[in-house]
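J.: Any chance you can model this:
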Amino acid sequence: LSRHLPAEAVVVSSDLIRAVQTADAIAGGRERLAPDPELREIHFGAWELQGFDGIEDQTLLRAFWETPGDICPPGGESWHQVSARVDRAIARLRAAHPGKDVIVVAHMGTILTQVQQALGLSGYDTFAHKIDNLSVTELHWHGDRWEAVRINHCP
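T.: From the prediction side, this is the model:
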């Protein structure tokens with residue numbers, strides 16, 4: 001995977017162990033930034049680690065996935081909240097490393113927040129995109145907008 005990524009990039013990850021381990025493994029000689037908790041996966045609150053069938057409020061569960069936006073799992077965050085959190089982290093990274101490639105090792109929901117922006121999709125349509133483990137989603141910043149170059153590419 002590492003050889004398919006920009007050699008001069010900086011590498012950052014969420015602070016969750018699987019992302020940290022992956023970032024450490026692909027960093028090679030690249031600058032490794034401290035893990036950033038704002039790059040974590042969406043917080044599902046009471047739904048965390050539950051299968052769909054294990055969630056009592058099936059109406060709320062369906063609403064969360066079918067009309068993502070302000071709906072929150074109990075004790076968790078909404079799609080809008082996770083998007084705002086990740087947007088802050090990405091804006092910080094862009095400001096700290098202008099003109100430089102940044103490799104972000106993160107999670108499906110984290111990645112999808114930025115895919116949504118790049119493609120101008122609704123939350124519902126964004127969830128149709130699959131993000132596999134160890135896949136590469138390449139987004140380029142053009143001063144005022146994102147361009148999606150590759151989504152879920154598995155080298």
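J.: only C-alpha atoms for contact and neighbour calcs from this point on.
T.: Fine.
J.: Report the central residue of this structure.
T.: By CA atoms, centre = their mean, the chain has its centre lying nearest to Thr110, at 1.8 Å.
J.: Without its sequence neighbours, what residue ends up closest to Ser83?
T.: Nearest residue to Ser83, sequence neighbours excluded (CA to CA, 6 or more residues apart in numbering): Thr113, at 5.3 Å.
J.: Look at that neighbour and say how many residues are nearby.
T.: Using other CA atoms under 10 Å, Thr113 has 23 neighbouring residues.
J.: so what's it up against?
T.: Residues in contact with Thr113 (CA atoms under 8 Å, 6 or more residues apart in numbering) are Val82, Ser83, Val86, Asp87.
J.: for it, helix, strand, or coil?
T.: Of the three states, Thr113 takes helix according to DSSP: H, G, I helix; E, B strand; the rest coil.
J.: How much space separates it from Ile90?
T.: 11 Å (CA to CA, to the nearest Å).
J.: so where do the strands sit in this protein?
T.: Applying DSSP state E to the chain gives strands spanning 10-13, 31-32, 102-105, 136-141, 146-153.
J.: which other helices and strands contact the first one?
T.: I take that to be strand 10-13. helix 17-27, strand 31-32, strand 102-105 (3 or more CA pairs under 8 Å, 6 or more residues apart in numbering; DSSP states H and E).
J.: The last one pairs with which strands?
T.: Put plainly, it is strand 102-105. strand 10-13 (parallel) (DSSP bridges).
J.: mean confidence for the partner strand?
T.: Taken as a whole, strand 10-13 carries a mean pLDDT of 98.
J.: Contacts for it, please.
T.: For strand 10-13, the surrounding residues in contact (CA under 8 Å, 6+ apart) are 19-20, 23, 27, 30-36, 39, 100-106.
J.: Same question for the longest helix belonging to the chain: list its buried residues.
T.: Longest helix of the chain, by residue count under DSSP state H: helix 79-96. Neighbour counts using 16 or more other CA atoms under 10 Å place Trp79, Gln81, Val82, Ser83, Arg85, Val86, Asp87, Ala89, Ile90, Leu93 of helix 79-96 among the buried residues.
J.: Looking at the residues you listed, which one is closest to Pro6?
T.: Among the buried residues of helix 79-96, Leu93 lies closest to Pro6 (CA to CA), at 16.1 Å.
J.: List the beta-bridge partners for the nearest residue to the closest one once chain neighbours are set aside.
T.: Closest residue to Leu93 apart from its sequence neighbours, by CA to CA, 6+ apart: Val102 at 7.7 Å. Judged by DSSP bridges, the bridge partners of Val102 are Val10.
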